[in-house]
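> Return a 3D structure for these sequence lines:
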Amino acid sequence: MSIVLDRLRERFPADVVSTHSDFGDDTALMRRERIVEILAFLRDDPESLFDFAMDLTGVDYLGEEPRFEVVYHLYSLEKKHRVRIKVRLHEDDPVIDSAVSVWPGINWYEREAWDMYGIAFRGHPNLKRILMYEGFEGHPLRKDYPKAKRQPTIGPEE
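Next up is the predicted model:
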């Protein structure tokens, strides 16, 4: 099995929902309550050293509960390994703590997940739309977003 997944199971046994290394891809499904602590551990642990947050994205599993998933793709430049950390969120509470304090560059990824999926990041320094305009209604990558929805017309600011 994976050293990284073993370290997660040792350090956070109550927070690990499941793990796998299918096709060489280390993946851990975690509970959301201590996500910032978990991510900081992965960054700082000498066996892990995940110093590069490559990506963060959202996933919409419409019809399932929990409906949403936040996925962190992490890489260690020194160790040359990667891990995928997933957290499931319920439709009625799609909120998770921001990881900007761990990797400042994850700021824009969190804003994108907010803009496209409506996943909120508690403690984010500037959680506002990044791809859509401020008057845009809804979150266009949600699977129940009406594809023919008309949006409010925007014009020059007064």
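> CA only for contacts and neighbour counts going forward, please
OK.
> so where is this structure shaky, pLDDT-wise?
For the chain, applying pLDDT under 70 flags the ranges 1, 155, 157-158.
> which residues in it form strands?
Counting by DSSP state E, the chain has strands at residues 16-20, 27-30, 52-60, 68-76, 81-89, 95-97, 120-122.
> Switch the ones you listed over to TSV; also include mean neighbour count and distance to residue 2.
Shown next, in TSV, are the strands of the chain (neighbours: other Cα atoms under 10 Å; distance: least, Cα to Cα, whole Å):
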stretch	mean neighbour count	distance to residue 2
strand 16-20	16	9
strand 27-30	22	10
strand 52-60	19	19
strand 68-76	21	14
strand 81-89	21	10
strand 95-97	19	26
strand 120-122	18	29
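> closest to residue 105 out of those strands?
strand 52-60 (7.7 Å; Cα to Cα).
> can you pull the contacts of the residue nearest the centre of the chain?
Nearest residue to the geometric centre of the chain (Cα atoms, centre = their mean): residue 70, 3.4 Å. Contacts for residue 70 (Cα atoms under 8 Å, 6 or more residues apart in numbering) come out as 56, 57, 58, 59, 86, 87, 88, 89.
> Now for the residues you listed: which two are most distant?
Of all pairs drawn from the contacts of residue 70, the widest gap by Cα to Cα lies between 56 and 89 and measures 14.5 Å.
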